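Q: Pasting the sequence and the predicted model now:
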Amino acid sequence: MWLSNDDLQAIWLTLRLAGIVTAILFVVGTPVAWWLAQTSSRWKGPISAVVALPLVLPPSVLGFYLLLAMGPSGWIGQFTQTLGIGLLPFTFWGLVIASVFYSFPFMVQPVQNAFETIGTRPLEVAATLRASPLDTFFTVVLPLAAPGFLTAGILTFAHTVGEFGVVLMIGGNIPDLTRVVSVQIYDHVEAMEYADAHRLSAVMVAFSFIVLLALYGWQHRGRKET
Amino acid sequence: MNPIRYFALTLALLSASVVAHADEIQVAVAANFTAPMKEIAAAFTKETGHQIKAAYGATGKFYAQIQNGAPFEILLAADATTPAKLIKEGNAVADSQFTYALGKLVLWSAKAGFVDAAGKVLATGDFQKVAIANPKAAPYGAAAMAVLKQQGLLDAVQPKLVTGENIAQTYQFVETGNAEIGFIALAQVQKDSKLTHGSMWLIPAQLYPPILQDAVILNAGKEKPAVAALMTYLKGETAQAIIHSFGYDLK
């Protein structure tokens, strides 16, 4: 076999992680993006800045403080222990939650842009036709913002696949649980198994290229049509 | 002579003497040796005037970097095989390799009284997670695996293992309480021959193969007097006393 079992396991785990994180962020990120697009509150600036923080913070910093927060004396850790689900570091769901933080801006920003591009006019028209706000959101806003959602979804997914520092800090490198592709490659390099590292990296490069090609190719075509 | 010119002249003379005698040495240091290296570097600089620029990290990573032209002049590895490999591949100076410290492995918890002096806690299984360094890349991780195998506990403990990329990250997992116990280097929790905090089992040396930590001069440091001076200094009394006080044995 071209890739080892461990490598395939890591790939499957990574795809699962990225898929779940993207799904969660569609649900969590959309309301935030909507609020940011609509509001004229003085909180808009500060909230936007907080949303964008993971773009700037080094993953090792984010990872270290998530490790502290999720630990037995951290606030997330105390909360999860009270709920009886134990501690999150070194678990798959710990990675999911960390990745949700880490990939948050990649979901919110494109969706927010899409909402802002729609403007207020279609909403006013829908209101004059007596559509309820919820109705308007699902039948007018969502279809119009679909391209933004696609971009956001692809970016979030791809960004989670490429995540390394945060996973390294809170993952504990457990096969089939927290050992994602990026960590597996790092492991190969550390153990001086360069041939394995090259193979897995090649898969990663090919995957990333195809994803980005699909995204930009599609955006390009979309622009021509309009 | 007016004061400003006098001052300028003094400054010029001073800087000239610094240029003539003090050199800068780039050293790659195994993560577990971070604390002793800082003390040794300070003492060495005080004595010789040479400045040490140290990078701390995993030996395997340094190996890859050195192979690809990293400017390090000395490697203080966490094992004996990496320096030997670098010499064989022509990236380090033959005959410059020597053992600067013998590593000691401990089972440690950040909580006082959690680990007993005989390490019985391992067998009772009264913990959720035990942290070790990656056994494939880190010698302390390999030593920990040897202990678990020797004690016949590997199968029982395996599902609770979490792996740090190097010994520093392994310490972090235990220090933050996310793993109750972990196999780390004595040097990380000992200072001035005393345990800094928490509780530990000092694992008897016969339970694992010796952790030889070897130093080697890399090609970039060949025939540089300051580099040779540091290698000699590491074998000297001052450095050895520091190394010993952090809980390493000496060969």
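A: Cool, got the structure.
Q: Could you tell me which ranges of the stretch 101-250 of chain B sit under the pLDDT cut-off?
A: Under the criterion pLDDT under 70, no range of the stretch 101-250 of chain B is flagged.
Q: Show me which residues of the stretch 51-200 of chain B are close to chain A?
A: Residues of the stretch 51-200 of chain B lying near chain A by C-beta under 8 Å from any C-beta of the partner chain: B:58, B:60-61, B:63-64, B:128-129, B:131, B:134, B:136-137, B:161-165, B:169, B:172-173, B:176-179. Every C-beta, even on glycine, is put in place using the N, C-alpha and C of the backbone.
Q: can you do 7 Å?
A: Selection of the stretch 51-200 of chain B residues close to chain A by C-beta under 7 Å from any C-beta of the partner chain yields B:58, B:60-61, B:63-64, B:129, B:134, B:136-137, B:162-163, B:165, B:173, B:176-178.
Q: Out of those, the closest to A:Pro89 would be?
A: Checking these against A:Pro89 with C-beta to C-beta, the nearest one is B:Asn178 at 4.4 Å.
Q: Any residue of the longest helix belonging to chain A touching chain B?
A: For chain A, the helix that runs over the most residues, judged by DSSP state H, is helix A:5-38. No - counting by C-beta under 7 Å from any C-beta, chain B is not contacted by helix A:5-38; separation bottoms out at 11.2 Å.
Q: which non-adjacent residue is nearest the residue in chain A that chain B sits nearest to?
A: Of the residues in chain A, the one nearest chain B is A:Gly172, at a distance of 3.1 Å by C-beta to the nearest C-beta. Using C-beta to C-beta, 6 or more residues apart in numbering or on different chains and skipping residues adjacent in sequence, the residue nearest A:Gly172 is B:Val162, 3.1 Å away.
Q: circling back to that earlier point, now do the residue of chain A closest to chain B: how many residues are near it, please.
A: 30 (other C-beta atoms under 10 Å in any protein chain shown).
Q: I'd assumed the residue nearest to A:Gly172 was in a strand, is it?
A: Yes - counting by DSSP: H, G, I helix; E, B strand; the rest coil, B:Val162 is located in a strand.
Q: mind listing what's buried in the worst-scoring helix or strand of chain A on mean pLDDT?
A: Lowest mean confidence among the helices and strands of chain A (mean pLDDT, DSSP states H and E): helix A:194-225, at a mean of 84. Residues of helix A:194-225 classed as buried: A:196-197, A:199-201, A:203-204, A:207, A:215 (neighbour count, 16 or more other C-beta atoms under 10 Å in any protein chain shown).
Q: buried set for stretch B:106-120?
A: By neighbour count with 16+ other C-beta under 10 Å, stretch B:106-120 contains the buried residues B:106-110, B:114-115, B:119.
Q: Which of those residues fall within strands?
A: B:106-109 (DSSP state E).
Q: between the buried residues of stretch B:106-120, which is nearest chain A?
A: Nearest to chain A among those, counting by C-beta to the nearest C-beta, is B:Ala110 at 9.9 Å.
Q: the strands in the stretch 151-251 of chain B, which residues?
A: If DSSP state E, counting those that start in this stretch is used as the criterion, the strands of the stretch 151-251 of chain B fall at B:161-164, B:181-185, B:190-191, B:194-195, B:199-202, B:211-217.
Q: Could you do the stretch 1-150 of chain B as well?
A: B:24-30, B:51-57, B:74-76, B:98-103, B:105-109, B:130-133.
Q: Pick out the most distant pair among the buried residues of stretch B:106-120.
A: B:Ala110 and B:Gly119, at 16.2 Å, using C-beta to C-beta across those.
Q: Contact residues of chain A facing chain B?
A: Counting by C-beta under 7 Å from any C-beta, chain A sits next to chain B at A:67-68, A:71-73, A:87, A:89-90, A:168, A:172-174, A:187, A:189-192.
Q: just checking, B:Leu195 touches B:Ala187?
A: No - counting by C-beta atoms under 7 Å, B:Leu195 does not reach B:Ala187; the two are 11.6 Å apart.
Q: neighbour-wise, which of the two wins?
A: With neighbours defined as other C-beta under 10 Å, B:Leu195 and B:Ala187 compare such that B:Ala187 has more, 22 against 16.
Q: measure the residue lying closest to that one once chain neighbours are set aside to B:His50 for me?
A: Spatial nearest neighbour of B:Ala187, excluding adjacent residues (C-beta to C-beta, 6+ apart): B:Phe246 at 4.4 Å. Note on B:Phe246: its distance to B:His50, by C-beta to C-beta, to the nearest Å, is 22 Å.
Q: Pretty sure the residue of chain A closest to chain B sits against A:Thr91.
A: No - between A:Gly172 and A:Thr91 there is no contact under C-beta under 7 Å: 8.9 Å.
Q: Which strands or helices does the least confident helix or strand of chain A pack on?
A: On a contact count with 3 or more C-beta pairs under 7 Å, 6 or more residues apart in numbering or on different chains; DSSP states H and E, helix A:194-225 meets helix A:146-161, helix A:181-190.
Q: now with 8 Å?
A: On a contact count with 3 or more C-beta pairs under 8 Å, 6 or more residues apart in numbering or on different chains; DSSP states H and E, helix A:194-225 meets helix A:5-38, helix A:146-161, helix A:181-190.
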